[in-house]
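Colleague: coordinates for the following, if possible.
(2 chains)
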Amino acid sequence: MAAIEVDQFVARPVQRVWQALTDPDLLARWLMPNDFKPVVGHQFTFRTEPVPQHGFDGIVHCQVLALDPPQLLRISWRGGTLDTTVTWRLVPEGTGTRLLITHDGFDDTDPAQQAAMKILGGGWQGHLARRMLSVLDDAAYEGGG
Amino acid sequence: MPDADVFDAIASPVRRAILDLLRGGARPVHDVAASFAMTRPAVSQHLKVLRQAGLVTEERVGRERHYRLDARPLRTVVDWAGHYERFWQHHARLLGELLESSE
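Modeller: Next comes the predicted model:
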């Protein structure tokens, strides 16, 4: 199944990144307020602003699914129409850390999620869709706004 | 969430290719059909789906109907699809900034 994958280099050792990921106060500072505990099976929530256009009430319901310090954290991620999984992998790179985030488990039977994954997974977002939207920008330019 | 019609319309590789072709400007059905080695009725059917999704408009030119790309509904699709990717990119950057700004 297609997934969203994001990778970020952090110029700090793996232990520091792991701490930022698993300390609820630190986690709140870069992600969202939460009652996370680094214990497999622990159920918790993230709380943020609702996003009505995505059918999202602002609460993400989560459970710790896997924990392998300091290299892997996987949680369930349920909110709005989503019933998904988020995985963080920490890979040492020089004196820093390569942080790999995978958000997967999008519903293949939901046409909207399916199409969105197709666009992201098939490179459509990066190529065809962007070219299409460039037509829009050209049109806006020609129209003076 | 954007209109389901738009998602259905772009779920088909043929229809995505038709949209790409129409980027070059409005074209009559037979032109589109020739580009894809498809029958006119088959192309007309695809154009109908695209028209219902608001992705193409139809205009009369003499005795012909020309089809023109209207990419506007795609914006919402791209926004929706890119939402979670942007979300994680943004927060991963915040994590990096948080750690790198402290010793």
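Colleague: which other helices and strands contact the strand or helix carrying residue A:97?
Modeller: Here residue A:97, judged by DSSP states H and E, is contained in strand A:96-104. With contacts defined as 3 or more C-beta pairs under 8 Å, 6 or more residues apart in numbering or on different chains; DSSP states H and E, the secondary structure elements packing on strand A:96-104 are strand A:4-10, helix A:14-22, strand A:82-93, helix B:72-100. Backbone N, C-alpha and C define where each C-beta goes, glycine included.
Colleague: gap between it and the chain center?
Modeller: Taking C-alpha atoms, centre = their mean, to the nearest Å, one finds the center of strand A:96-104 at 10 Å from the center of the full chain.
Colleague: got the contact list for it?
Modeller: A:1-14, A:16-17, A:77, A:84-92, B:84, B:88, B:92, B:95-96 (C-beta atoms under 8 Å, 6 or more residues apart in numbering or on different chains).
Colleague: next one: the helix or strand of chain B with the lowest mean pLDDT to chain centre, how far?
Modeller: In chain B, the helix or strand scored least confidently by mean pLDDT, DSSP states H and E is helix B:4-11, which has a mean of 76. Once both centres are worked out by C-alpha atoms, centre = their mean, helix B:4-11 turns out to sit 8 Å from its chain's centre.
Colleague: same check, this time on stretch B:16-24
Modeller: 9 Å.
Colleague: what of stretch B:10-26?
Modeller: 7 Å.
Colleague: anything in that stretch near chain A?
Modeller: Yes. Between stretch B:10-26 and chain A, judged by C-beta under 8 Å from any C-beta of the partner chain, the touching residues are B:10, B:11, B:16, B:19, B:20, B:23.
Colleague: restrict that stretch to CA atoms and write it as PDB.
Modeller: As requested, the backbone C-alpha atoms of stretch B:10-26 are provided in PDB (Å, rounded to 0.1, in the frame of the first residue of the first chain):
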ATOM      1  CA  ILE B  10      -8.600  11.400 -12.200                       C
ATOM      2  CA  ALA B  11      -8.600   7.700 -11.000                       C
ATOM      3  CA  SER B  12      -8.400   6.700 -14.700                       C
ATOM      4  CA  PRO B  13      -5.000   6.800 -16.300                       C
ATOM      5  CA  VAL B  14      -6.600   7.500 -19.700                       C
ATOM      6  CA  ARG B  15      -8.500  10.500 -18.300                       C
ATOM      7  CA  ARG B  16      -5.300  11.800 -16.700                       C
ATOM      8  CA  ALA B  17      -3.600  11.500 -20.100                       C
ATOM      9  CA  ILE B  18      -6.500  13.400 -21.800                       C
ATOM     10  CA  LEU B  19      -6.100  16.200 -19.200                       C
ATOM     11  CA  ASP B  20      -2.400  16.300 -19.900                       C
ATOM     12  CA  LEU B  21      -3.100  16.500 -23.700                       C
ATOM     13  CA  LEU B  22      -5.600  19.400 -23.200                       C
ATOM     14  CA  ARG B  23      -2.900  21.400 -21.400                       C
ATOM     15  CA  GLY B  24      -1.800  22.300 -24.900                       C
ATOM     16  CA  GLY B  25      -5.100  24.000 -25.600                       C
ATOM     17  CA  ALA B  26      -8.700  23.200 -26.500                       C
END
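Colleague: got the contact list for residue 5?
Modeller: Just so you know, I chose chain A. Neighbour list for residue A:5: A:100, A:101, A:102, A:103 [criterion: C-beta under 8 Å, 6+ apart].
Colleague: try chain B instead
Modeller: Residues near residue B:5 by C-beta under 8 Å, 6+ apart: B:52, B:53, B:54.
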